[in-house]
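Return atomic coordinates for the entry below.
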Amino acid sequence: MLRGKNVIITGANRGIGHTLLVMLAKSGANIWACCRKSNSSFEEEIACLAAENRVWIKPVYFELTDSNSIERGLQCIIADRQSIDVLVNNAGVTATALLHQTSIEEIKEIFEVNYFSLLTIVKRISKVMIRQKSGSIVNMASVAGMEHQPGRVAYGSSKAAVIWMTQALAKEFGPFGVRINAVAPGAIKTEMIAEYSEEKINKIVSETSLRRLGNVDEIAEVVLFLASDVSSFITGQIIKVDGGR
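Presented below is the predicted three-dimensional model:
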């Protein structure tokens, strides 16, 4: 589905991002695999993955809380002078705490990673896509940005901002042939969910129509769909993947 396409994935070394890396490479995509720190085992892994699927995969390292670091990383990508066909903004952090147990500084940090870094990346890469008059951007939102639950004011608000930004920019970018959509996962089996108590997981499952947690593959498949030309007439959409919660 992505043979010959060049894709940026943030947070590519773990969780949903790592699953995306593997799935999109198997779908024929060349990939800039973005993550925080240099890791030799990760570089060995992507070299093997690239060879197996006859694509190229290049590691790019930058820190999402440092705008200068982001700019240096993106400049490395742009300096390759390749088309940038897809941007997947997957990297993010979660947090659960009541407002009076959370400092404003901590909330700002959540927004820095989940919203402002994402917006910085979109602003830079969309310029390339607009010049090309083509491109697909997929943002990772969350059902937490749509639901209203205690303890999620920081995380939920940051993801709500991602949702609003996605829909607003779809109208700005559409005339230039650039699409932008978001995926809103529910409870997915990742390292984040592993921190939940058994009682909390059981409660989430009981509130879900399919009576189970989701798998990372099920999120990656939707991202693949939105990244590919199969979804060429879809933009400004927030697709919930939550098992009918």
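
Packing partners of the longest helix anywhere in the chain?
Scanning the chain for the longest helix, with DSSP state H as the assignment, gives helix 153-173. Applying 3 or more Cβ pairs under 8 Å, 6 or more residues apart in numbering; DSSP states H and E, one finds that helix 153-173 contacts helix 104-111, helix 117-132, strand 135-140, strand 178-185, strand 238-241. (Glycine included, C-beta is placed from N, CA and C.)

tell me what the helix or strand hosting Leu87 is packed against?
Leu87 is part of strand 86-89, with elements assigned from DSSP states H and E. Other helices and strands packing on strand 86-89, by 3+ Cβ pairs under 8 Å, 6+ apart, are strand 6-10, helix 117-132, strand 135-140, helix 216-227.

contacting residues around that strand?
Here strand 86-89 makes contact (Cβ atoms under 8 Å, 6 or more residues apart in numbering) with 2, 5-10, 20, 24, 29, 118, 121-122, 125-126, 129, 135-140, 223, 227.

any idea of the mean pLDDT for it?
Averaged across strand 86-89, the pLDDT comes to 98.

what does stretch 137-156 give?
For stretch 137-156, mean pLDDT rounds to 86.

do stretch 202-219 as well
Rounded mean pLDDT across stretch 202-219 is 93.

tally of neighbours for Leu230?
Actually, residue 230 is Val. It isn't Leu. Number of residues near Val230 (other Cβ atoms under 10 Å) recorded here: 11.

Test my guess that it contacts Met1.
Yes: the pair Val230 / Met1 is scored as a contact, 6.6 Å apart, by Cβ atoms under 8 Å.

where in the chain is pLDDT low?
97-98, 151 (pLDDT under 70).

Give me the residue at the spatial middle of it.
The centroid of the chain falls nearest to Asn90 when counting by Cα atoms, centre = their mean (1.7 Å).

Could you pull out the buried residues of stretch 180-188?
180-188 (16 or more other Cβ atoms under 10 Å).

nope, stretch 65-72 is what I was after
Under 16+ other Cβ under 10 Å, the buried positions of stretch 65-72 are Ile70.

what's it in contact with?
Against stretch 65-72 from outside (Cβ under 8 Å, 6+ apart): 62-64, 109, 112-113, 117, 120-121, 124.

Dump these to TSV, plus neighbour count and distance to Glu218.
Shown next, in TSV, are the contacts of stretch 65-72 (neighbours: other Cβ atoms under 10 Å; distance: Cβ to Cβ, whole Å):
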residue	neighbour count	distance to Glu218
Phe62	25	28
Glu63	16	29
Leu64	24	25
Glu109	16	29
Glu112	18	29
Val113	18	24
Ser117	23	26
Thr120	16	29
Ile121	25	25
Arg124	17	30
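
And the furthest pair within the residues you listed?
For the contacts of stretch 65-72, with distances taken as Cβ to Cβ, the pair at the greatest spread is Glu109 and Arg124 (21.6 Å).

Mean neighbour count, the helices and strands packed on helix 153-173: which tops it?
Here the criterion is mean neighbour count by mean count of other Cβ atoms under 10 Å, and of those the winner is strand 135-140, at a mean of 26.

Could you name the helices and strands sitting against that one?
strand 86-89, helix 117-132, helix 153-173, strand 178-185, helix 216-227.
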